[in-house]
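[1] Provided below for reference: sequence and predicted model.
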Amino acid sequence: MNYYHQKHHRRSIRLPEYDYSKGGAYSVTICTRNGDLILINPPKLVPAVGVALAATQSPEMFPNLEPDTAHLLELTPIGEIVDRNWRTLTERFPMVSLDEYVIMPNHLHGIVVINEQDQSEQCDAEKRVGARPTPTLGAVVGAFKSMLVHDVLVYIEENGLDMIGKIWQRNYFERVIRNERDLDNIRTYIRNNPRNWDRDDENPAR
């Protein structure tokens, strides 16, 4: 595949002096190293169908999607590792919840919600030994990437693959979700991402 240095090294746009541990919702995009297409089986990706992969992952969460055609988007073994580790983020960070998400051939789109504690609860928590403060968005994404390494390395070793365990590019892209309209628009974007794969900036065929 072609590798575009400028595109894959673009900087994440962060708000100056914004506290990314503040309660609220964030849209996150995490891309694979060099845009490698390792998360979805290519023959199974049919852009015209436009079924968000979330339908296969949690159909009870997204009843408006089409589960009868969701099998057309099939995770690779590494994609399954990504899916599993994304879901377990809430176990590592009790103050974090996950909204809609989709795994694409070379990236993941997801909505991360940081549930800020009451100020009095936060002060009490900080005084307790071993208590976890509210995480920053960067800490959540960093933990997700780190959690993957072990499972990916095990898969590589078991299958004798010639690849490295770090599958993500160094940075990630985020956006602060300001209101309900913004949230609805991003949810719609995530649902429609498979349908729009042929026009996706991360599609190396463009």
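    Sure thing, it's come through. Numbering: from 1, shown residues only.
[2] show me the shaky parts of this structure.
    By pLDDT under 70, the low-scoring segments of the chain are 1-22, 43-73, 117-132.
[3] any chance you could map the helices in it?
    5-8, 54-57, 77-87, 89-92, 119-127, 137-159, 180-192 (DSSP state H).
[4] for the last one, list the C-alpha coordinates in CSV.
    Right, helix 180-192. C-alpha atoms of helix 180-192 as CSV (Å, rounded to 0.1, in the frame of the first residue of the first chain):
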residue,chain,number,x,y,z
GLU,A,180,-26.5,16.6,22.3
ARG,A,181,-26.6,17.6,18.7
ASP,A,182,-22.9,17.1,18.4
LEU,A,183,-23.2,13.7,20.1
ASP,A,184,-26.0,12.6,17.7
ASN,A,185,-24.0,13.8,14.6
ILE,A,186,-20.9,11.8,15.7
ARG,A,187,-23.0,8.7,16.5
THR,A,188,-24.5,8.9,13.0
TYR,A,189,-21.0,9.4,11.5
ILE,A,190,-19.8,6.2,13.3
ARG,A,191,-22.8,4.2,12.2
ASN,A,192,-22.3,5.3,8.6
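[5] that older thread, can you list the helices of the chain in TSV and add distance to Gly110?
    C-beta here means a position set from N, CA and C on the backbone, and glycine is covered the same way. Below are these laid out as TSV (distance: least, CB to CB, whole Å):
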stretch	distance to Gly110
helix 5-8	20
helix 54-57	9
helix 77-87	7
helix 89-92	9
helix 119-127	25
helix 137-159	9
helix 180-192	8
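[6] just say which of the ones you listed is most tucked in.
    Greatest average neighbour count among the helices of the chain goes to helix 54-57 (a mean of 22), per mean count of other CB atoms under 10 Å.
[7] list the buried residues for stretch 171-180?
    Tyr172, Phe173, Glu174, Arg175, Ile177 (16 or more other CB atoms under 10 Å).
[8] I misspoke; the intended subject was stretch 31-42.
    Buried, per 16+ other CB under 10 Å, within stretch 31-42: Cys31, Thr32, Arg33, Gly35, Asp36, Leu37, Ile38, Leu39, Ile40.
[9] and of these, the nearest to Val96?
    Of all these, Cys31 has the smallest distance to Val96: 21.0 Å, by CB to CB.
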